[in-house]
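A.B. asks: here's my sequence, what's the structure:
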Amino acid sequence: MNTMPRAASVLALSILLVLVPASGQTPDRTVPPQPGPPPNFAMKPIQHFTLKCGLPLLLIEKHDVPLVQINLLVRTGSAMDPGGKSGLASMVAAMLLEGSGNRDALQLADAIDYLGATITSTSGQHAMAVRLRTPLVRLDSALALFADVILRPTFPAEELERKRTERLTALLQWRDEPRMLASVAFNRALYGTHPYGLPVLGNEQTLKGISRADVQQFHETWFHPNLATLVVAGDVKPKELLARLESAFGRWRQAAATAPELPRIEQVKERSVLLVDKPGAAQTVIRIGRIGVARSTDDYYSIVVMNTILGGSFTSRLNDNLREQKGYTYGAGSFFDFRPLPGPFIATASVQTAVTDKALIEFLKELEGIRKPAESLELARAKNYVALSFPSDFQTTSDLAGHLEEMVTDDLPDDYFNTYIPHILGVTKNDVREAAEKYIDPSRLIIVLVGDRQVIEAPVRALNLGPVTVQTVTDVLGAPPVIENGK
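C.D. replies: Predicted coordinates for the structure are as follows:
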């Protein structure tokens with residue numbers, strides 16, 4: 001008996017049942033479906049401990065995958081670089097993995113790889129981090145290597161020279177990277193001699209002046225349990241974890257360290273333009289901004305929602321205007337860089353050279369427009385965007401440990417993440433307007449342009465945005481670094 005016609009009929013009926021709603025009504029495909037309500041989000045409890053050496057520990061248990069993430073945060077960074085030694089903290093972080101204990105750099109890398117683990121080290125302005133990710137079955141061996149990296153780095157002289165050469169080479173490469181030029185020029189224009197105005201990597205003079213003794217001294221000054229915090233996420237129980245950590249760090253000794261007094265950060269007083277000449281550039285990198293606000297601000301949630309409307313998502317006003325409507329750029333956006341001290345507010349895009357002046361007009365129009373009340377639908381969309389995407393940031397052990405780092409560096413309460421979505425959803429039109437009026441002032445901005453001066457200078461000056469200063473690549477980065485004999 002041939003069953004094919006019957007099978008085809010069943011298949012056709014199944015397709016119709018899928019395509020036609022039970023109500024018999026055809027869905028309206030001209031209107032995007034509305035997002036559902038934000039999910040209830042509750043992060044697992046954060047457990048607090050202190051090792052006998054005085055090292056604080058934050059732990060989140062996650063037992064679905066046999067992995068462990070252990071991150072050590074040290075309360076130091078480029079903001080603590082000694083005078084004339086910018087780039088030292090970054091160099092120390094890079095050198096931690098170039099040899100420790102009785103292993104040189106290659107032996108250490110081989111030992112880590114053999115365990116299926118990873119150890120990385122980074123440095124920012126106010127925090128240095130060493131991070132271990134390891135299978136649970138290899139935790140003891142990996143933790144021993146982790147402790148060696150933190151407590152017993154050897155800082156080999158030959159590896160320091162290799163790192164120095166790498167960084168001097170990077171400075172050479174920056175000269176051909178308009179975005180790096182814009183970043184260096186913008187930070188200096190905004191912050192001057194404050195550490196926030198200096199490249200974390202340093203410059204040719206400071207890099208060549210960093211000695212092995214400088215690296216050792218920085219490590220000896222800041223790497224102590226009372227100046228650090230451990231954060232752990234993964235498939236571990238407190239009792240077993242604490243025993244292992246006491247074995248690894250039990251003899252670590254406390255010490256005092258005094259952070260340098262940082263210069264006061266002054267707000268931009270007038271609108272001005274800095275044009276960095278990049279002859280022949282097909283695009284102009286635009287970076288517009290001013291001093292923002294510290295992470296501790298009470299306006300944090302209002303700022304997050306306000307900036308989401310302005311430039312913090314693909315459907316934001318800046319991207320819709322400059323990309324979707326005008327076609328000037330592949331993407332435009334804005335952000336507040338929240339730090340312990342006021343970080344920058346930045347609006348940015350890379351636009352076609354010929355429309356640099358027109359793009360600036362649109363940027364300033366949107367910066368002025370955000371100071372007016374938002375539409376109800378736009379506000380709801382922005383809040384939903386932030387709230388609905390929030391839970392996806394907590395899926396892995398690395399995600400969880402990263403958020404614990406955020407708690408430490410920003411001094412956040414334990415319930416911060418569990419109350420984040422309600423706080424975002426509670427932001428009102430008035431909150432958004434007040435935040436924009438308070439933190440975005442189009443008349444007091446620094447505008448940095450990296451592009452072809454011959455094409456863009458005259459049209460930009462014609463806009464009368466404020467004083468215009470022209471610099472060369474050498475003005476921004478100095479003369480090209482000299483690298484002699486690979487050193």
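
A.B. asks: going forward, measure contacts between C-alpha atoms and count neighbours the same way
C.D. replies: Noted.

A.B. asks: correct me, but F223 touches V74?
C.D. replies: Yes: if you go by CA atoms under 8 Å, F223 and V74 touch, sitting 6.7 Å apart.

A.B. asks: the most centrally placed residue in the chain and P260, how far apart?
C.D. replies: Compute the mean C-alpha point of the chain, and by CA atoms, centre = their mean the closest residue is D337, 8.0 Å away. Distance, D337 to P260, using CA to CA, to the nearest Å: 22 Å.

A.B. asks: hmm, who's touching the helix or strand hosting E161?
C.D. replies: Assigned by DSSP states H and E, E161 belongs to helix 157-174. Residues from elsewhere that reach helix 157-174, judged by CA atoms under 8 Å, 6 or more residues apart in numbering: 91, 94-95, 98, 180-181, 201, 203-204, 207-208, 212, 477, 480-481, 483, 486-487.

A.B. asks: could you redo the last one with a cut-off of 10 Å?
C.D. replies: Contact with helix 157-174 is made by 87, 91-92, 94-95, 97-99, 104-105, 180-181, 184, 201-205, 207-213, 215, 473, 477-487, as judged by CA atoms under 10 Å, 6 or more residues apart in numbering.

A.B. asks: and those, which of them are in strands?
C.D. replies: G99, D104 (DSSP state E).

A.B. asks: and the contacts of helix 157-174, which are buried?
C.D. replies: 87, 91-92, 94-95, 97-99, 104-105, 180-181, 184, 201-204, 207-208, 210, 212, 215, 473, 477, 480-481 (16 or more other CA atoms under 10 Å).

A.B. asks: list the contacts of the residue lying closest to L445 once chain neighbours are set aside.
C.D. replies: Distances taken as CA to CA, 6 or more residues apart in numbering put R271 closest to L445, at 4.5 Å, once the chain neighbours are dropped. Taking CA under 10 Å, 6+ apart as the criterion, R271 is in contact with 288-290, 441-447, 465-468.

A.B. asks: nearest residue to M407 in space, please, no chain neighbours.
C.D. replies: That would be P413: by CA to CA, 6+ apart, it lies 7.1 Å from M407.

A.B. asks: let me see the ranges of the strands in the stretch 301-450 of the chain.
C.D. replies: Per DSSP state E, counting those that start in this stretch, the stretch 301-450 of the chain carries strands over the ranges 329-336, 344-352, 446-451.

A.B. asks: from what I see, P45 and D414 are in contact.
C.D. replies: Yes: judged on CA atoms under 10 Å, P45 makes contact with D414 at a distance of 8.4 Å.

A.B. asks: those two: which is more packed in?
C.D. replies: Taking neighbours as other CA atoms under 10 Å, P45 and D414 compare with D414 leading, 15 against 11.

A.B. asks: need the strands for the stretch 151-300 of the chain, in chain order.
C.D. replies: 228-234, 272-277, 283-291.

A.B. asks: what's the last one packed up against?
C.D. replies: Spelled out, that is strand 283-291. In terms of contacts (3 or more CA pairs under 10 Å, 6 or more residues apart in numbering; DSSP states H and E), strand 283-291 is packed against helix 178-191, strand 272-277, strand 329-336, strand 344-352, helix 356-369, strand 446-451.

A.B. asks: so where is the stretch 1-150 of the chain shaky, pLDDT-wise?
C.D. replies: 1-25, 35-36 (pLDDT under 70).

A.B. asks: hmm, try it at 50
C.D. replies: For the stretch 1-150 of the chain, the stretches flagged by pLDDT under 50 are 1, 3-4, 10-11, 13-19.

A.B. asks: how about the helices in it?
C.D. replies: 4-19, 88-95, 105-114, 139-151 (DSSP state H, counting those that start in this stretch).

A.B. asks: and the angle from the shortest one to helix 139-151?
C.D. replies: With axes from the mean of the first three to the mean of the last three CA atoms, to 10 degrees defining the directions, helix 88-95 sits at 150 degrees from helix 139-151.

A.B. asks: for helix 88-95, packing partners?
C.D. replies: strand 118-123, strand 128-135, helix 157-174, helix 204-209, helix 212-222.

A.B. asks: save the ones you listed as JSON lines, and put in distance to D277 too.
C.D. replies: Shown next, in JSON lines, are the helices and strands packed on helix 88-95 (distance: least, CA to CA, whole Å):
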{"stretch": "strand 118-123", "distance to D277": "31"}
{"stretch": "strand 128-135", "distance to D277": "35"}
{"stretch": "helix 157-174", "distance to D277": "14"}
{"stretch": "helix 204-209", "distance to D277": "21"}
{"stretch": "helix 212-222", "distance to D277": "36"}
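
A.B. asks: so which of the ones you listed gets nearest I70?
C.D. replies: strand 128-135 (5.1 Å; CA to CA).

A.B. asks: got the angle between the closest one and strand 118-123?
C.D. replies: Going by the same axes, to 10 degrees, strand 128-135 makes 170 degrees with strand 118-123.

A.B. asks: please name the residues that touch T76.
C.D. replies: Counted by CA under 10 Å, 6+ apart, T76 has contacts 89, 123-129, 218-219, 221-223, 227-228, 257, 259.

A.B. asks: for ChimeraX, what selects the buried ones among those residues?
C.D. replies: Selection of buried members from the contacts of T76 for ChimeraX, criterion 16+ other CA under 10 Å:
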select :89,123,125,126,127,128,129,218,219,222,223,227,228
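
A.B. asks: out of the contacts of R271, which are buried?
C.D. replies: Using 16+ other CA under 10 Å, the buried ones in the contacts of R271 are 288-290, 441-447, 465-466, 468.

A.B. asks: tabulate the residues you listed (a markdown table), appending pLDDT.
C.D. replies: Putting those into a markdown table (pLDDT from 0 to 100) gives the following:
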| residue | pLDDT |
| --- | --- |
| I288 | 98 |
| G289 | 98 |
| R290 | 98 |
| D441 | 97 |
| P442 | 97 |
| S443 | 97 |
| R444 | 97 |
| L445 | 97 |
| I446 | 98 |
| I447 | 98 |
| L465 | 97 |
| G466 | 97 |
| V468 | 98 |
